[in-house]
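Q: Starting from these lines, generate the structure:
(one chain, ligands or ions: 1)
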Amino acid sequence: MKVLVPVKRVVDYNVKVRVKSDGTGVDIANVKMSMNPFDEIALEEATRLKEAGKADEVVAVSVGVAQCQETLRSAMAIGADRGILVETSARPEPLAVAKLLKALADREHPQLIIVGKQAIDDDANQTGQMLAALLGWPQATFASKVIIADGRAMVTREVDGGLETLSVSLPAVITTDLRLNEPRYVTLPNIMKAKKKPLATITPDQLGVDVSPRLKTLNVAEPAKRGAGITVPDVATLVTRLRTEAEVI
Ligand code: AMP
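A: Coordinates of the predicted model:
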């Protein structure tokens, strides 16, 4: 079984992002970029499937600028066998990424595509679902446990008030939730080995996909600043102020 894992290069989750002064977006010049955390989880899961003998090849795919090669090298250090960069200078929207992944799936014929549930930069949570629809494959989103057996995937999902377990036939698209696994620590020898793994580059044109934007960002703003707190002398004053000033009780 071949497993395809899309990995997005995003602003590292530890970076406090700054909104550009003209409100057109977030300033990503000179900030640390990393693999989207949900994609690391997806790769870890694919690698575990390979180690368990359930998968025989793990292919990582990234869509974006040339620097996404670094993200693909990290993916190969975790366990991907090879990488594919779909190189574009445009910042592709989820629908464009889904179309590119569909075109790659038509070439690569994976049995399973494990997608992050959402990219932490745009928080779209759309790509996996759109990809499943474009391919006409079953999907199981927000997986917290995956078992592959007899040509099917058993996927446990955390839903309000409990757990839901689905069985989907393969090929399928699965999206990862935070609790699916804990990605391994990447070792230096594996980083070195990753440098020798194959990395192919292809363009959206070669895949016949138009990645021009369909959405226009009207404005991006910082959250409102919180006012300073105050210390009250006793509970009675607190209750009075909550009633008369904050008007919340
Ligand atoms: P989103 O729908 O943008 O929240 O992204 C969900 C998932 O789709 C991510 O966790 C990735 O697995 C995949 N994805 C989105 N954009 C890209 C990209 N540019 N390159 C590779 N994978 C992507």
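Q: Just give the closest residue to whatever residue of the chain ends up closest to the ligand, not the sequence neighbours.
A: In the chain, no residue comes nearer to the ligand than residue 116, which is 2.2 Å away by CB to the nearest ligand atom. In short, each C-beta sits where N, CA and C put it, glycine included. Spatial nearest neighbour of residue 116, chain neighbours left out: residue 38 (3.0 Å); criterion: CB to CB, 6 or more residues apart in numbering.
Q: For whatever helix or strand the one you found lives in, could you pull out the residues that count as buried?
A: If you go by DSSP states H and E, residue 38 is part of helix 37-51. Using 16 or more other CB atoms under 10 Å as the test for burial, helix 37-51 gives 37-50.
Q: Also within reach of the ligand: list those from the residues you listed.
A: 38-39 (CB under 6 Å from any ligand atom).
Q: Need the buried residues of helix 37-51 in TSV (columns: pLDDT).
A: Below are these laid out as TSV (pLDDT from 0 to 100):
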residue	pLDDT
37	97
38	98
39	98
40	98
41	98
42	98
43	97
44	98
45	98
46	98
47	98
48	98
49	98
50	98
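Q: SS state for residue 77?
A: helix (DSSP: H, G, I helix; E, B strand; the rest coil).
Q: Show me what the helix holding residue 38 packs onto, helices and strands only.
A: In terms of contacts (3 or more CB pairs under 8 Å, 6 or more residues apart in numbering; DSSP states H and E), helix 37-51 is packed against strand 2-6, strand 57-64, helix 68-78, strand 112-116, strand 139-149, strand 172-176.
Q: Let's see that with 6 Å instead.
A: On a contact count with 3 or more CB pairs under 6 Å, 6 or more residues apart in numbering; DSSP states H and E, helix 37-51 meets strand 2-6, helix 68-78, strand 112-116, strand 172-176.
Q: The last one pairs with which strands, and in what direction?
A: In this case it means strand 172-176. strand 112-116 (parallel), strand 139-149 (parallel) (DSSP bridges).
Q: same question, the first one
A: Listed by DSSP bridges, the sheet partners of strand 2-6 and their directions read strand 57-64 (parallel), strand 112-116 (parallel).
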